[in-house]
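In: kindly return the folded structure for what I paste below:
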Amino acid sequence: MTETRDPRSRGFDFRVVNQAVIAEYRANGGRLEKTLSGSRLLLLTTVGERTGRPHTTPLGYVVDGHPAHGAPDAPPNAPNVTRDGPHATPSGPPATPDSLNARPDGPERDVPTRRLVVYATNMAAAAHPQWYRNLLAHPKVTVELDADRFDAEASTAVGAERERLYAALVDGMPGLRTHQEQTTREIPVVVLAALR
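Out: All right, here's what the predicted structure looks like:
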C-alpha cells in the first residue's frame with residue numbers, strides 16, 4: 001500500500017496523494033476533511049508544455065491584497081508547507097506541499113478583484129515543478145477556488161513585487177522560509193490574476 005502522509009517514507013507517491021486531494025476537493029466544494037483537514041487550497045489546471053493536455057495540481061496560496069491589488073492576506077496560523085502534494089513536514093503535522101502552500105479556513109475572498117499567489121518551491125528541489133514549467137509555456141490557466149472555477153493569467157513576480165509577495169508567503173506559511181536557502185535556483189513566486 002502506498003504511504004500518503006509522510007513524503008520521507010519509502011512508498012510515498014505525490015501523484016496518489018494529489019489525486020486524493022483533488023477528488024475530495026471537487027466532491028466537497030473545496031472543503032477538505034479527510035486528506036488535509038482545515039487546509040485552504042486552490043486547484044490549478046495548467047496545459048502540459050509538450051503534451052497540450054490539462055494537468056491539475058492542488059496548491060496552497062495567499063491572496064494579494066496590496067493597495068494596488070490589495071496587501072497579501074495570509075492567515076496567522078497557516079500550517080508548514082512544502083511541495084507538490086500533501087505531506088508531513090519535518091517540523092509539523094501533515095501539511096501540503098509547495099503546490100500545497102496550505103491556508104486554513106478564513107474569511108471569504110472576492111476572487112475576481114484580487115490576485116492569488118502561489119510558490120513554486122518543489123520542496124526546494126534543483127528543478128522547478130512541472131506545473132510551473134507548464135504555465136511558462138501556456139500562461140492561461142484554470143483556477144478552482146472552493147466551488148468557484150475561473151480562467152486566470154499566470155505570471156512570475158519579479159523585483160520589488162516578488163520580494164513583497166515572497167514575504168507574505170513565508171509570513172503566512174513559515175515552513176517555506178528555509179526553502180530558498182536549500183536551493184541555488186530562485187524559487188518562483190507566481191501570481192494568478194482572474195480574467196473575468
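In: send me stretch 16-31 as CSV with only the CA atoms.
Out: In CSV, the C-alpha atoms belonging to stretch 16-31 read as follows (Å, rounded to 0.1, in the frame of the first residue of the first chain):
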residue,chain,number,x,y,z
VAL,A,16,-1.6,9.3,-5.5
VAL,A,17,-1.9,11.9,-2.7
ASN,A,18,-2.6,14.8,-5.2
GLN,A,19,-5.4,12.7,-6.8
ALA,A,20,-7.0,12.0,-3.5
VAL,A,21,-6.9,15.7,-2.6
ILE,A,22,-8.3,16.8,-6.0
ALA,A,23,-11.1,14.2,-5.7
GLU,A,24,-12.1,15.3,-2.2
TYR,A,25,-11.8,19.0,-3.1
ARG,A,26,-14.1,18.7,-6.1
ALA,A,27,-16.6,16.5,-4.3
ASN,A,28,-16.9,18.9,-1.3
GLY,A,29,-16.7,22.4,-3.0
GLY,A,30,-13.2,23.0,-1.7
ARG,A,31,-13.6,21.7,1.8
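In: could I get the average pLDDT for that stretch?
Out: Averaging pLDDT along stretch 16-31 yields 90.
In: what do you get for stretch 53-72?
Out: Across stretch 53-72, the average pLDDT comes to 77.
In: quick check: the gap between Val17 and Thr35.
Out: Going from Val17 to Thr35 by C-beta to C-beta, to the nearest Å gives 7 Å. Any C-beta I mention is one placed from the backbone N, CA and C, and that applies to glycine too.
In: the two: which is more packed in?
Out: More neighbours surround Val17 than the other of Val17 and Thr35, with 26 against 23 (other C-beta atoms under 10 Å).
In: pull out the buried positions in the helix or strand containing that one.
Out: Assigned by DSSP states H and E, Val17 falls within helix 14-27. Neighbour-count burial for helix 14-27, with 16 or more other C-beta atoms under 10 Å as criterion, is recorded at 14, 17-18, 20-22, 24-25.
In: with distance to Leu44 as extra columns, can I get these in CSV?
Out: Output for the buried residues of helix 14-27, formatted as CSV (distance: C-beta to C-beta, whole Å):
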residue, distance to Leu44
Phe14, 15
Val17, 16
Asn18, 11
Ala20, 17
Val21, 12
Ile22, 11
Glu24, 16
Tyr25, 12
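In: if we take the residues you listed, which one ends up nearest to Glu181?
Out: Phe14 (22.5 Å; C-beta to C-beta).
In: helices along the chain, start to end?
Out: 14-27, 130-137, 159-172 (DSSP state H).
In: how near is Glu153 to Arg177?
Out: Counting by C-beta to C-beta, the separation of Glu153 from Arg177 is 28 Å.
In: now stretch 124-138: buried residues?
Out: Applying 16+ other C-beta under 10 Å to stretch 124-138 flags 124-125, 128-132, 134-136 as buried.
In: out of those, which is nearest to Thr183?
Out: Among the buried residues of stretch 124-138, and counting by C-beta to C-beta, the member closest to Thr183 is Ala124, at 4.7 Å.
In: quick check: chain neighbours aside, which residue is closest to the closest one?
Out: Among residues not flanking Ala124 along the chain, Gln182 sits closest, at 3.7 Å (C-beta to C-beta, 6 or more residues apart in numbering).
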